[in-house]
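# Sharing a model prediction with you, sequence too.
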Amino acid sequence: MKLLVVGGGGREHAIIKKLRENKAVGEIYALPGNGGIALDAVCVPIGANEIEKIRDFAAEKKIDFAVVAPDDPLVLGCVDLLEEAGIPCFGPNKAAAIIEGSKVFSKNLMKKYGIPTAEYNVFENAEDAIGFVESSNTLPIVVKADGLALGKGVIIAETKREAVDAIRSIMTDRIFGESGSRIVIEEYLTGPEVSVLSFTDGKTIVPMVSSMDHKRALDNDKGLNTGGMGAVAPNPYYTEEIQKRCMNEIFLPTIKAMDSEGRSFKGCLYFGLMLTEKGPKVIEYNCRFGDPETQVVLPLLKTDLLSIMQAVHDGRLSDIHIEFSGGSACCVIMASGGYPQAYEKGKEITLGDTQDAVIYHAGTRLENGKILTNGGRVLGVTATAPTLSEAIGKAYGAVSKIIFEGAHFRRDIGKRALQYK
Ligand code: AMP
Ligand code: GLY
């Protein structure tokens, strides 16, 4: 089989490595891929957002199955174009991808169908939003751009001044472009966060093993928000009792709601949850696999990924038995010095003996046989083991054997999970 994977980060590398485990898989094309993916797939220099070019390439190569991994092409309708050209895909169509593409849509969906989430208000102009903030008595308060904003569209304002500044930069200065034409202002929630990725064909939903992201740049959750500096799976805070509640109060109601809206969701639906004192609530939906969560979840998947993806596409997910290993996984992200702010690229990466771990490439490129840094998040170093503490030890053991100038990584990935009592 000839496969195509849209995207070029650590998540896509993890997906490609997993798809490779199926013996029926021949060529895999990655659009655009990266320096490490180039060792597992054929990288083609077509950007993940160039959806017409992706369709033309897929048609020309007679691709048997495509996986569209990142949010932007999904929200732009890449799956619709590919399916129209007769190429079966894993991923939601444009109508369903709106669950991530518009926070106003997802908040209104949750309200309409009684799915627990933070209280909120929607604003279409800056003056009304500022007026609301001025008259409100609770802080912090959360300001969110409606549309996609490279993961930066959420501001937790500790003061009214910060909230007003956030509203002005999103709505007046349009720092995220059209994504800021509307905003959501919502209640600040507290509690442990859990990421749950799920497979769904629109009727059946199968949650994958839970995970925990580490979003801040520095140890002990200090520093700026990033795309994610590491992850562990499973997430110990996500107990069996909470799993049951989430299935009944959140997961099933969400896919039913999407179906009722004529937006049946097929693909990976990601639930960003907060376990509040009043029960689990949805912080965000993503219409795709999370990054770096995928780099800890897929290594624990025992069932063939391609078969699951095909069943999702065909609407026969209920026929498949999906199994995860009972072990744990830890992924430590090695980033460029300075990330998530300005950083330099082009540093040569030297890998020592890292055989205890799998190295997923994110921001790398291959040049004259050398691997060079080429982005903020550079590598995801994942290890699996029967226990979380062993997985953490193995992952950091491998990290210590990887050298590039300015390398930055957190030293406490998994610490909060180990503290769970
Ligand atoms: P997002 O960009 O939607 O992934 O949100 C980024 C992060 O902001 C989340 O992972 C949470 O840690 C935090 N966040 C978002 N909404 C809220 C909220 N209502 N209350 C507290 N934290 C939030
Ligand atoms: N790790 C969070 C995300 O993929 O959006």
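Structure's in. What do you need? Since the structure is predicted, the reported quantities are computational estimates derived from the model, not experimental observations. Numbering: from 1, shown residues only. Ligands and ions are numbered 1, 2, ... in the order given.
# any idea of the pLDDT on residue 137?
Note on residue 137: pLDDT of 89.
# Quickly note the distance from it to residue 155.
Distance of residue 137 to residue 155, given as CB to CB, to the nearest Å: 19 Å. Just so you know, the C-beta spots here come from the backbone N, C-alpha and C atoms, and that holds for glycine as well.
# Neighbour count: these two, which is higher?
More crowded of residue 137 and residue 155, by other CB atoms under 10 Å: residue 155, with 21 against 4.
# Show me the beta-bridge partners of that one.
residue 143 (DSSP bridges).
# Helices along the stretch 201-350 of the chain, start to end?
Ranges of helices in the stretch 201-350 of the chain, per DSSP state H, counting those that start in this stretch, are 240-246, 252-260, 294-297, 305-314.
# can you put those in CSV and add mean neighbour count?
As requested, the helices of the stretch 201-350 of the chain are arranged in CSV below (neighbours: other CB atoms under 10 Å):
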stretch, mean neighbour count
helix 240-246, 14
helix 252-260, 18
helix 294-297, 32
helix 305-314, 20
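# do you know which of the ones you listed lies nearest ligand 2?
Closest approach to ligand 2 among these is made by helix 294-297 (8.1 Å; CB to the nearest ligand atom).
# Please name every helix or strand in contact with the closest one.
Applying 3 or more CB pairs under 8 Å, 6 or more residues apart in numbering; DSSP states H and E, we find helix 294-297 packed against helix 10-19, strand 230-233, strand 328-335, strand 377-385.
# Are it and ligand 2 in contact anywhere?
No: residues of helix 294-297 are not located near ligand 2 by CB under 6 Å from any ligand atom, the shortest gap being 8.1 Å.
# Likewise for stretch 230-245?
No: using CB under 6 Å from any ligand atom, stretch 230-245 stays clear of ligand 2, with a minimum separation of 7.4 Å.
# what about that stretch, distance to the chain center?
Offset of stretch 230-245 from its chain centre (CA atoms, centre = their mean, to the nearest Å): 17 Å.
# how about the CA coordinates for that stretch, as PDB?
What follows is stretch 230-245, C-alpha atoms only, in PDB (Å, rounded to 0.1, in the frame of the first residue of the first chain):
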ATOM      1  CA  GLY A 230       7.200  16.600  27.100                       C
ATOM      2  CA  ALA A 231       4.500  14.200  27.900                       C
ATOM      3  CA  VAL A 232       3.800  11.000  29.900                       C
ATOM      4  CA  ALA A 233       1.200   8.200  29.500                       C
ATOM      5  CA  PRO A 234      -0.900   7.100  31.200                       C
ATOM      6  CA  ASN A 235      -1.900  10.000  33.300                       C
ATOM      7  CA  PRO A 236      -2.400   8.800  36.900                       C
ATOM      8  CA  TYR A 237      -5.000  11.500  37.700                       C
ATOM      9  CA  TYR A 238      -7.300  10.000  35.200                       C
ATOM     10  CA  THR A 239      -8.700   7.200  37.400                       C
ATOM     11  CA  GLU A 240     -11.200   4.500  36.300                       C
ATOM     12  CA  GLU A 241     -14.000   6.400  37.900                       C
ATOM     13  CA  ILE A 242     -13.200   9.600  36.100                       C
ATOM     14  CA  GLN A 243     -12.800   7.600  32.800                       C
ATOM     15  CA  LYS A 244     -16.400   6.400  33.200                       C
ATOM     16  CA  ARG A 245     -17.700   9.900  33.900                       C
END
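# is any part of it close to ligand 1?
No: figure legend: stretch 230-245 not in contact with ligand 1 (CB under 6 Å from any ligand atom); closest approach 12.3 Å.
# Residues contacting that stretch, please?
Under the criterion CB atoms under 8 Å, 6 or more residues apart in numbering, residues 192, 194-196, 207, 209-214, 246, 275, 279-280, 292-293, 295-297, 300, 328-333, 388, 391-392, 409-410, 413-414, 417, 420 lie in contact with stretch 230-245.
# One more pass at 6 Å, please.
Contacts to stretch 230-245, defined as CB atoms under 6 Å, 6 or more residues apart in numbering, come from residues 192, 194, 209-214, 275, 280, 292-293, 296-297, 329-333, 410, 413-414, 417, 420.
# Report the buried members of those residues.
Burial by neighbour count, 16 or more other CB atoms under 10 Å: within those this picks out 192, 194, 209-214, 275, 280, 292-293, 296-297, 329-333, 410, 413-414, 417.
# what's the distance between residue 153 and ligand 1?
The gap separating residue 153 from ligand 1 is 6 Å, by CB to the nearest ligand atom, to the nearest Å.
# Disregarding residues adjacent in the polypeptide, which is nearest to that residue?
residue 145 (3.6 Å; CB to CB, 6 or more residues apart in numbering).
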